[in-house]
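Engineer: Pasted the sequence and its predicted model underneath.
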Amino acid sequence: MAKLFLGLDASTQSLSAIVIDYDARRVVYDRSLNFDKALPHYGTQNGTLRSTDPLVVHSPPLLWVEALDMLFAQMKTDGVPLRDVLAISGSGQQHGSVYLNARASDALARLNSPKSLVDNLRGIFSRSTSPVWMDSSTSAECSEIREALGGIKATARKTGSDTFERFTGPQIRKLYKTEPGRYAETASIALVSSFMASIIAGKIAPIDHGDGAGMNLMDIRKKTWLPEALKATAPQLRRKLPLLAPSSKVIGKVGPYFVKKFGLNPNAQALVWSGDNPCSVIGLGLIEEGMVAISLGTSDTLFGYMKRCRVDERGEGHVFGAPTGDYMTLICFKNGSLARERIRDMYKRDWNGFNAALASTPPGNRAAIMLPWFEAEIVPRVNTSGVHRFNLDPTDASANCRAVVEAQMMSMRLHSQWMKVRPKQILATGGASANTAILQIIADVFNCPVLRIEVAKSAALGAALRAAHGWLFHSGKRPKWPDVVADFTDPIPDNKINPRLEAARVYDMFLERYARCERSTLSRMG
Ligand code: ADP
Ligand code: XUL
């Protein structure tokens, strides 16, 4: 019998499934369900709901619930041998939180298979929408918690990051301050990852150390809840939070709902889920110091594996737990794919037209620069949206296409200097990593080769590999990560995008000019 493992990824815009055949060392199933297209009745745009306040960005948790049912039904229709799946794990967009009432525990334990998941779980939320990572509405709460923890440096040292608007602690504090009744009604707070794991396992799932580090609530070194952070966030918080666990933790068997309805094996293990970025660390095989990746998904992120915890005391970057039990560094930019799409659409192009514009303009863009802050930005921290152009004619479509990508990559290089890693190569992943013209700019800006692996969905692949690792571990084997990720994460041969010397030289000089534009704009904004 083949050893199959299932990895799911509940990302911002879609839910994906990857099944791997572990012994054959290959992916045997890969499918995604786009939220806006598959479930239009939730009214999401790119997976989120917008409010009149542009800083507030939520998603309906029932959307994720319905998507899970749909994707399992799809797997069954597609003939995936679900009975042979030995373990399931998953990945979730980080930071987003789900608020459950006192009925949740029971409802999860008693999922009735003739009914849909939505009908089973409709009544378990104390809040019908979940703030997600794109939400920037908690600056006041960030200041309050940061101050209680002793300032930026102390907060970063204690929790792995300064306080950030999208992090779960500040979001919880905002709920407590603005809707105390709802907060009191909340029996349990989950992350997107632990919420989805709870459905699969039929009980409230632990939060893993990778995703837990994105809350401003976990002691980054001890990997336990940090009492002073809990106190600074909201009263009685400890009892509303689940346990923390390493990401190899088995929660239990998959729930009978999935066995009866979709034919899963009753002995299949349900592992804790982790964040999409920690899962991508595994899905890209970043298991040695100095290995770096860039994910071009809804957010753009730059991240790498780190053996010993070293935080960014200036407060822009993050340290999360890595699924290996070590650490990872990360820096996150909100204006990623959606900013590129905005420019593409503004100038009425498709991706081919966008790439033609990149091809027709020179590196350095004749000194034209854009700060593409269509949305409040995470790094650098900008709380008012606005696109700023320097020496850039707004009617010059080609120069604007180049400007958005160059700004994103310049910003990544500039703000990742604290990681003190000069990458020898960069692995690219996420939806936009299909675009070689964009990857060429990354190669030139960082002056190193960019590579891709076969599977673009590194988070879902990472989740499947985590499931395999966890299953082997709990079967008494001592699996080694290099063996687990081998073959799956090998870069595609002959697919290396090499830096161009002349372009790299231009970008070395261009960096300071870009930094000056950023600095002057930020100081004007106060
Ligand atoms: P997430 O995991 O955050 O939901 P994905 O990693 O699936 O997002 O990436 C989705 C994004 O990929 C889309 O918003 C789209 O802009 C981008 N994308 C897909 N194909 C291309 C392409 N050929 N060029 C540039 N961007 C692309
Ligand atoms: C990371 C972050 C995003 C989300 C969505 O800190 O906020 O990358 O995980 O992908």
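Structural biologist: Nice, I can see it. Since the structure is predicted, the reported quantities are computational estimates derived from the model, not experimental observations. Numbering: from 1, shown residues only. Ligands and ions are numbered 1, 2, ... in the order given.

Engineer: Give me the distance between the one residue in the stretch 401-526 of the chain that gets nearest to ligand 1 and residue 498.
Structural biologist: At 2.2 Å from ligand 1, residue 431 is the closest residue in the stretch 401-526 of the chain, using C-beta to the nearest ligand atom. Any C-beta I mention is one placed from the backbone N, CA and C, and that applies to glycine too. Per C-beta to C-beta, to the nearest Å, residue 431 is found 23 Å from residue 498.

Engineer: And those two? Which one has more around it.
Structural biologist: residue 431 (18 against 11; other C-beta atoms under 10 Å).

Engineer: and the more buried one, what pLDDT?
Structural biologist: Residue 431 is assigned a pLDDT of 95 by the prediction.

Engineer: So residue 204 sits against residue 105, correct?
Structural biologist: Yes: contact status for residue 204 versus residue 105: in contact at 5.8 Å, counting by C-beta atoms under 8 Å.

Engineer: shared neighbours of the two, anything?
Structural biologist: residue 188 (C-beta atoms under 8 Å, 6 or more residues apart in numbering).

Engineer: Verify the stated contact: the residue of the stretch 401-526 of the chain closest to ligand 1 with residue 337.
Structural biologist: Yes: at 6.1 Å, residue 431 counts as touching residue 337 under the criterion of C-beta under 8 Å.

Engineer: list residues touching both of these two?
Structural biologist: The overlap between the contact sets of residue 431 and residue 337 (C-beta under 8 Å, 6+ apart) consists of 296-297.

Engineer: Can you name the residue of the stretch 101-250 of the chain nearest ligand 1?
Structural biologist: Of all residues in the stretch 101-250 of the chain, the one sitting closest to ligand 1 is residue 133 (9.4 Å; C-beta to the nearest ligand atom).

Engineer: so how far is residue 456 from that residue?
Structural biologist: Counting by C-beta to C-beta - residue 133 and residue 456 are separated by 20 Å.

Engineer: Between those two, which has more neighbouring residues?
Structural biologist: residue 133 (28 against 19).

Engineer: Enumerate every residue touching the more buried one.
Structural biologist: 12, 93-96, 166, 299, 332.

Engineer: For residue 397, state which of those residues is nearest.
Structural biologist: residue 299 (25.3 Å; C-beta to C-beta).

Engineer: If I look at that closest one, what pLDDT would I see?
Structural biologist: pLDDT recorded at residue 299 is 92.

Engineer: now swap in residue 272 and tell me
Structural biologist: With respect to pLDDT, residue 272 has a value of 98.

Engineer: Equivalent analysis for residue 435, please.
Structural biologist: Residue 435 is given a pLDDT of 97.

Engineer: For it, grab the count of nearby residues.
Structural biologist: Neighbours of residue 435 using other C-beta under 10 Å come to 19.

Engineer: which SS class is the closest residue to residue 234 other than its chain neighbours?
Structural biologist: Nearest non-adjacent residue to residue 234, counting by C-beta to C-beta, 6 or more residues apart in numbering: residue 176, 3.9 Å away. Assigned by DSSP: H, G, I helix; E, B strand; the rest coil, the conformation of residue 176 is helix.

Engineer: thought residue 194 was touching residue 201?
Structural biologist: No: with contact defined as C-beta under 8 Å, residue 194 does not reach residue 201; the gap is 9.9 Å.

Engineer: So for these two, which sits in the more crowded spot?
Structural biologist: residue 194 (30 against 26).

Engineer: That one sits in which helix or strand?
Structural biologist: When elements are assigned from DSSP states H and E, residue 194 belongs to helix 192-201.

Engineer: any idea of the mean pLDDT for that helix?
Structural biologist: The model assigns helix 192-201 a mean pLDDT of 98.

Engineer: what's the residue of the stretch 401-526 of the chain closest to ligand 1 in contact with, if anything?
Structural biologist: Residue 431 neighbours (C-beta under 8 Å, 6+ apart): 296-297, 337, 456.

Engineer: ok, now with 7 Å
Structural biologist: Residue 431 makes contact with 296-297, 337, according to C-beta atoms under 7 Å, 6 or more residues apart in numbering.

Engineer: What count of nearby residues applies to residue 416?
Structural biologist: Neighbours around residue 416, by other C-beta under 10 Å: 24.
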